[in-house]
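In: Next comes the sequence, and after it the predicted model I'd like to discuss.
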Amino acid sequence: MTIAVFNSIMHWTIFIMIPLIVVSLGGLFSEKSGVVNIALEGKMILGAFFGTIFMHYVQNIWVITMPGWLLLLCTLLIATIVGIIISLVHAYASINLRANQVISGIAINMFAAAFAIYGARSTLGTQHIRFTNVMRIDHVPGLGSIPFIGPIMFQNTYFTSLLGIIILLIVSFVLFKTKFGLRLRACGEHPQAADSVGISVSKMRYAGVILSGALAGMGGVIYIIPIAAEFSGTVAGYGFLALAVLIFGAWNPKRIFFAALFFGLTLSVASQFTAIPFLRDLGIHANFFRMTPYVATLVVLALTSKNTLAPKAVGQPYDKGGR
Amino acid sequence: MKRDSIMSFLSSLVVLVIGLFVGFLILLFSNPGAAAGAFSTILTFGFSSMRNIGDVLHGATPIIMTGLSVAFAFKTGLFNIGATGQFAFGGLVAILIGLNFQGMPDGLRILFALVAATAAGAAWGAIPGLLKAYRNVHEVISCIMTNYIGMFLVGYFVEQHAFFAIENRSASLPTNSNLPTLGLDRVFQSEILPGLIRSSDINAGFFIAIFMAIVIYLILNKTTFGYELKACGFNRDAAKYAGINENRNIVAAMMISGALAGLGGALLYLSGTVHIAAGNNLLPYGFTGISVAFLGLSNPIGIIFSGALVSHLFLGGARIQLNFPIEIVEIVISIIIYFCAFVFLVKTFLGKHIGKLFKGGEKS
């Protein structure tokens, strides 16, 4: 295995793991507050759709020249807002109407997948939204020259990778070191107890779902920018993969990081294992690498779920009468 | 009880109308001039000829099966969103048997393919069932995982053992492996151009789907086994207290649910008109089955009609593709599913406001 191949695998690992971290932290907020969120995929799709169509318009239709970082920032902002709006739909159904959270999530996923293609076809005439990648940082001054680490982390890199790590730190802090985080977690563990000390369960759950929508929408853009030059209406199941990361990471930010690293490395190897002689010689089909994260998650679930680390009240609508 | 079922039917209807209305608004927004025409095409195209009616029923066949799969699990308190994976496995097994085993008599080979596909679906459904019963893993999560694992496995097998490289999809079956048409093609045919008669693709699969709907109806409503399954769905602890082996029932329910989806896969791919595309894609039929199940109020007989309805919308949606992307139909269906999430709320609302009218009617 040459250095170039190794670096490429590490780059792809980062490109894959960062959106997984961001989106699964979104799922973490929602589940910690007590709302199941299988709509992460749909929120990613809509975030990526509105983000990339904005980029497409700026670059090809309105032809506005703006610095790459500003364009990236605007795109992330739009995706975040879209994620929040769509999460309100989920929140309203699951908190106000106490509806089945799984059905509402499925509906959002289906809507997003259809809407992204419908929207692109009816505005651009094609399913594929092209954008020019102006956000890559070829070489971070100074840091990029560090041997070994430099080429992996500080060359051909994106600001979004740094952003993902910053979000990870902020989320860990907010969830476990602030009053807000404690209250949010209480609503997911024992909403009756939280309510009895004056915490508004529905407000906290709204906060959890909105934060999850924001991160998932942003995650859609973070996913698509480094790895493609066009968005075709799909995020390749990364929303569900992020859910797997969340479970594999035992609802804990630190473990989520390592789960995402493991998944990222596996999928990165799956995409380029023909360049690695000893793996190529094994003659294993790439699909077997690709399914590893899902199999691993099933195994972990089977082994740990008797004493699961999931929030206790997740998925149950809060009923004041049950106090 | 009768009033309750009227309310259920009405709430389904309301949800359907809301979904269609939002779909119409989206059509109107994206192309105001063509919206009204396109909308009426969606609503009427499926009825416009005998051939189209046949195609609606043919298109309904796989989603009736996945609808039954989702509804059966739902009746027993389980949410099988893994129907997609079970469907794909059944379809794969049917394709592999249809392509090979040419030494067998045609009828026997087709029967073998149907039975093996059913078994494959049941096996794939057993995994979340076992995990739920004995390891307390939520079936929604394990179904998501088995869907993706199944997707990669099916992709692998199609690529390795049933590949048609030129069109980048699974190989076409020899016509002797297709389900018999039983003369249905001669009933459902129309003259599309003067002198040019085309038949619908409909085949015996539709009757198999109807038959299975009746079987599921009987199992759920007329057998002790079905009663026990439903009891587990209502209250797992109470069922256990009543001496019902709830773990065994969970596994059985998921296996039957998976079997229905797997058979659906066989019915689709043994019709010779559809193929599994190469690359790794989740098949849509399992998810469409969720909307079919809820629109049909999880009632096996209702599902026959909701399956035909959804298939009708898809056929009409395909017809308007010149002006609008076909995804409009999926948007409509997703909105219907969203409202299905609180269909009980709609039902209570209706019960409060319209229920009085019916009560008055009964008295007089």
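Out: All right, it came through fine.
In: Hmm, A:Ala39 is touching A:His90, no?
Out: Yes - the pair A:Ala39 / A:His90 is scored as a contact, 5.4 Å apart, by C-beta atoms under 8 Å. For glycine as for every other residue, the C-beta is placed from the backbone atoms N, C-alpha and C.
In: list residues touching both of these two?
Out: Residues within reach of A:Ala39 and of A:His90 at once, by C-beta atoms under 8 Å, 6 or more residues apart in numbering or on different chains, are A:Ser104, A:Gly105, A:Ile108.
In: Wait, a strand at the second one?
Out: No - residue assignment for A:Gly105, taken from DSSP: H, G, I helix; E, B strand; the rest coil, gives helix, which places it outside any strand.
In: residue boundaries of the helices in the stretch 151-300 of chain A?
Out: A:159-177, A:179-189, A:191-196, A:201-227, A:238-248, A:253-272, A:277-282, A:286-290, A:292-304 (DSSP state H, counting those that start in this stretch).
In: Pick out the shakiest of those, pLDDT-wise.
Out: For the helices of the stretch 151-300 of chain A, mean pLDDT drops lowest on helix A:277-282, to a mean of 80.
In: before we move on, the earlier item: how about the helices of the stretch 151-300 of chain A, which one is nearest B:Val292?
Out: Distance to B:Val292, taken as C-beta to C-beta, is lowest for helix A:238-248 among those, at 22.0 Å.
In: So that closest one, near chain B or not?
Out: Yes - Helix A:238-248 reaches chain B (C-beta under 8 Å from any C-beta of the partner chain) through A:Phe240, A:Leu243, A:Ala244, A:Ile247.
In: now the second one: how far from B:Gly286?
Out: Same thing as A:Leu243. Distance, A:Leu243 to B:Gly286, by C-beta to C-beta, to the nearest Å: 17 Å.
In: Repeat that for the first one.
Out: For A:Phe240, the distance to B:Gly286 (C-beta to C-beta) stands at 14 Å.
In: what about these two, which has more around it?
Out: B:Gly286 (28 against 23; other C-beta atoms under 10 Å in any protein chain shown).
In: can you list the residues that contact the helix or strand encompassing the more buried one?
Out: Secondary structure from DSSP states H and E places B:Gly286 in helix B:285-295. With C-beta under 8 Å, 6+ apart as the test, helix B:285-295 has contacts from A:103, A:106, A:110, B:12, B:15-16, B:62-71, B:74, B:81-87, B:147, B:261, B:264-265, B:268, B:302-303, B:306-307, B:309-310, B:333, B:336-337, B:340, B:343.
In: Also within reach of chain B: list those from the shared contacts of A:Ala39 and A:His90.
Out: Applying C-beta under 8 Å from any C-beta to these, those adjacent to chain B are A:Ser104, A:Ile108.
In: Looking at neighbours, which among the shared contacts of A:Ala39 and A:His90 is most surrounded?
Out: A:Ile108 (30 neighbours).
In: so that residue is in which element?
Out: helix A:101-124.
In: and that helix with helix A:201-227, angle?
Out: 40 degrees (axes from the mean of the first three to the mean of the last three C-alpha atoms, to 10 degrees).
In: which of the residues in helix A:101-124 are buried?
Out: A:101-122, A:124 (16 or more other C-beta atoms under 10 Å in any protein chain shown).
In: Just the strands from chain B, written as ranges.
Out: Taking DSSP state E as the criterion, chain B contains strands spanning B:163-164, B:169-170, B:189-193, B:196-199.
In: So the closest residue to B:Gly129 other than its chain neighbours versus B:Gly289, what's the distance?
Out: Nearest residue to B:Gly129, sequence neighbours excluded (C-beta to C-beta, 6 or more residues apart in numbering or on different chains): B:Met254, at 2.9 Å. Going from B:Met254 to B:Gly289 by C-beta to C-beta gives 15 Å.
In: same check, this time on A:Cys74
Out: 40 Å.
In: Same drill for these two, tell me which one is more crowded.
Out: B:Gly289 (31 against 15).
In: Run a quick neighbour tally on the nearest residue to that one once chain neighbours are set aside.
Out: The spatially closest residue to B:Gly289, leaving aside those adjacent along the chain, is B:Thr66, at 2.6 Å (C-beta to C-beta, 6+ apart). When neighbours are counted by other C-beta under 10 Å, B:Thr66 registers 34.
In: now swap in B:Gln86 and tell me
Out: Neighbours of B:Gln86 (other C-beta under 10 Å): 39.
In: That one contacts B:Ala261, correct?
Out: Yes - counting by C-beta under 8 Å, B:Ala261 is a contact partner of B:Gln86 at 3.8 Å.
In: which residues are in contact with both of the two?
Out: In contact with both B:Gln86 and B:Ala261: B:Ser69, B:Asn80, B:Gly121, B:Gly125, B:Gly286, using C-beta under 8 Å, 6+ apart.
In: Let me see the contact set for A:Arg205.
Out: A:Ser33, A:Gly34, A:Val35, A:Ala91, A:Ser94, A:Ile95, A:Cys187, A:Tyr318.
In: same check, this time on A:Asn60
Out: A:Arg130.
In: what secondary structure does it sit in?
Out: Strictly by three-state DSSP, A:Asn60 counts as helix.
In: how much space between it and A:Ile129?
Out: 10 Å.
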